[in-house]
Structure formats: structure tokens, C-alpha cells
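J.: Take a look and give me a structure for this.
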Amino acid sequence: MSNAAALSRTLGPLRRAVLRATRLAEDLPDLPETHIEVLRTVADTPGLGPPAIAEQLRLARPTVSNLMKTMQRAHLIELTRDVDDARRVHVTATATALELLRRYDAASEAILTAAMNELDPDERAAVAAAVPALAKLRSILSAPGD
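T.: Now for the predicted structure:
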């Protein structure tokens, strides 16, 4: 099996395992990953409009529109009309959503720290060394035009 195939087979299950363990540890709601991605985006840049969110996350505009409706009903985001152009909407994360993200991040870090402490020192060093390369891979795969 190639390194690329092994990485592909590992990343999805690893991400799901981290999410599952984090949700259980903090009794967090079972938010879809796309909701978490949207919340992170609007927490980092409050007031973005749905078209900018779609572009940044590389999602179709109708998908983002549906996400906005669902997330607004769940009290995770607030939508406000632009004062100069009522057709434009600005999205912000609610205080509840920001608290969920804070709890998720803290629990995720604690869970990963504990799990990594079960690795031997060479394995921990390998994981730490891989993080920048994985971040670069994410950037390459997220680049416009792919």
C-alpha cells in the first residue's frame, strides 16, 4: 500500500475517533463537521456573508444556504441584513456556539494529549514533525482551481 493510500485510510477514521471521543468527554451535541467548519469560519471572521463562507469552505452556495437555515434554527448562528443592501446577509456565531467551540477545542486537546502520551517518544516526535506537512497538504488540496 502506498503512503498516500495509507494516509487516506487513516485520516477519516482518526478524525471521526477524535470527534466521537471529544463529544463523549464533554457531552457535546452531535454537530455535523460542516456545522463545525462554518462555526470556525464565522468565529474567525464574524460578519462574513454566505457567498464568502461557501468560497472559503469550498461548498456550493445552495449547500451553505441550507446550512444557514439549519444552524439558525439550532441557535448556532445569527443572520443580520446589511444596512446598505437588504439582499446581503452577515453571519455571526452565537455565544452558545462559541462556547461549544471552546469546549470542543479544550476537550479535543486534552484527549489528543492523553492519547499522544501513550505513544513512545519517537512516535510523539513523528506526529509533531508531521503536523506542518499535514497543514501544507491541506493547503495544497484546498487551493483554488483543484
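J.: What ranges in this protein fall below the confidence cut-off?
T.: Where the chain drops to pLDDT under 70, the residues are 144-146.
J.: What helix or strand is the residue nearest the centre of it located in?
T.: Among the residues of the chain, residue 37 comes closest to the average C-alpha position under CA atoms, centre = their mean, at 3.3 Å. Remark: residue 37 resides in helix 33-44, with elements defined by DSSP states H and E.
J.: Same question for residue 122.
T.: Here residue 122 is covered by helix 121-142, with elements defined by DSSP H and E.
J.: For the protein, which segments count as strands?
T.: Shown for the chain, the strands assigned by DSSP state E span residues 77-81, 89-93.
J.: Please render those strands as CSV that adds distance to residue 63 and mean neighbour count to the earlier fields.
T.: In short, each C-beta sits where N, CA and C put it, glycine included. Supplementary listing: the strands of the chain in CSV, determined by distance: least, CB to CB, whole Å; neighbours: other CB atoms under 10 Å:
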stretch, distance to residue 63, mean neighbour count
strand 77-81, 15, 15
strand 89-93, 14, 20
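J.: Same list, those strands, but as a markdown table with distance to residue 6 please.
T.: Shown next, in a markdown table, are those (distance: least, CB to CB, whole Å):
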| stretch | distance to residue 6 |
| --- | --- |
| strand 77-81 | 37 |
| strand 89-93 | 36 |
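J.: Of those, give the one that comes closest to residue 7.
T.: For the strands of the chain, distance to residue 7 was read as CB to CB. The smallest value, 31.4 Å, belongs to strand 89-93.
J.: helices and strands around the closest one, which ones?
T.: Helices and strands touching strand 89-93, by 3 or more CB pairs under 8 Å, 6 or more residues apart in numbering; DSSP states H and E, are helix 33-44, helix 50-57, strand 77-81.
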